[in-house]
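**Student:** can you look at this prediction? I've put the sequence above it.
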Amino acid sequence: MSAEEEIKSVSFSHIAEEMFARILDFYGVVWQYEPKTFDLEWNEKGKVKLAFAPDFYLPDQDLYIELTTLRPQLATIKNKKLRLMNELYPDVKIKLMKRRDIRDMLIKYGLYEEAQNFHGTDAQEVKSG
């Protein structure tokens, strides 16, 4: 499957994720999209009540990447998940790329129009099951 076919086969949650995947492909970086979910909190019956699926895994670097386009004041839950990830899975390498990091990356790689139109987003509604 070509890089373009692979990108088209993925249902990205946000356009920033697709742009990030395209940059990775351009530089020949192998990536997987949301390949693993980490359990973070459990209820008294042992059922998972909070989990986290980082956006990308870069197997050659053994590194997970989480992109956030949330406005800083709305990122509380994501920050909690990252803190729990570090506590519960200290051997898992994960990097958070914030909105500014993503915008700077777009500019660095010549995607000026995308960077100019790149704004923070509101938090998605979380539904518990």
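**Tutor:** Arrived safely. Numbering: from 1, shown residues only.
**Student:** am I right that M97 is in contact with E66?
**Tutor:** Yes: using CB atoms under 8 Å, M97 is in contact with E66, at 7.1 Å. Every residue, glycine included, has its C-beta placed from N, CA and C.
**Student:** in this structure, which helix or strand is least confident?
**Tutor:** When the helices and strands of the chain are scored by mean pLDDT, DSSP states H and E, helix 3-9 comes last with a mean of 67.
**Student:** I'd say L67 and R100 touch.
**Tutor:** No: assessed by CB under 8 Å, L67 is found out of contact with R100, at 11.7 Å.
**Student:** more neighbours: these two, which one.
**Tutor:** Set side by side, L67 and R100 show more neighbours around L67, with 23 against 11, by other CB atoms under 10 Å.
**Student:** for that one, give me its contacts.
**Tutor:** By CB atoms under 8 Å, 6 or more residues apart in numbering, the contact list for L67 reads 14, 16-17, 20, 55-56, 97, 102.
**Student:** so which of these are in strands?
**Tutor:** Mapping these onto strands (DSSP state E) picks out 56, 97.
**Student:** where does confidence bottom out across the contacts of L67?
**Tutor:** Here the lowest pLDDT out of the contacts of L67 sits on I102, with 74.
**Student:** that residue: neighbour count?
**Tutor:** By other CB under 10 Å, neighbour count at I102 equals 21.
**Student:** can you pull out the strands in this protein?
**Tutor:** 32-33, 38-42, 48-52, 56-58, 63-67, 94-97.
**Student:** the second one - contacts with which helices or strands?
**Tutor:** In this structure, strand 38-42 packs against strand 48-52, helix 76-88, with contacts taken as 3 or more CB pairs under 8 Å, 6 or more residues apart in numbering; DSSP states H and E.
**Student:** now render the ones you listed as JSON lines, adding distance to D60, mean pLDDT and mean neighbour count.
**Tutor:** Shown next, in JSON lines, are those (distance: least, CB to CB, whole Å; pLDDT from 0 to 100; neighbours: other CB atoms under 10 Å):
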{"stretch": "strand 48-52", "distance to D60": "22", "mean pLDDT": "95", "mean neighbour count": "15"}
{"stretch": "helix 76-88", "distance to D60": "21", "mean pLDDT": "91", "mean neighbour count": "14"}
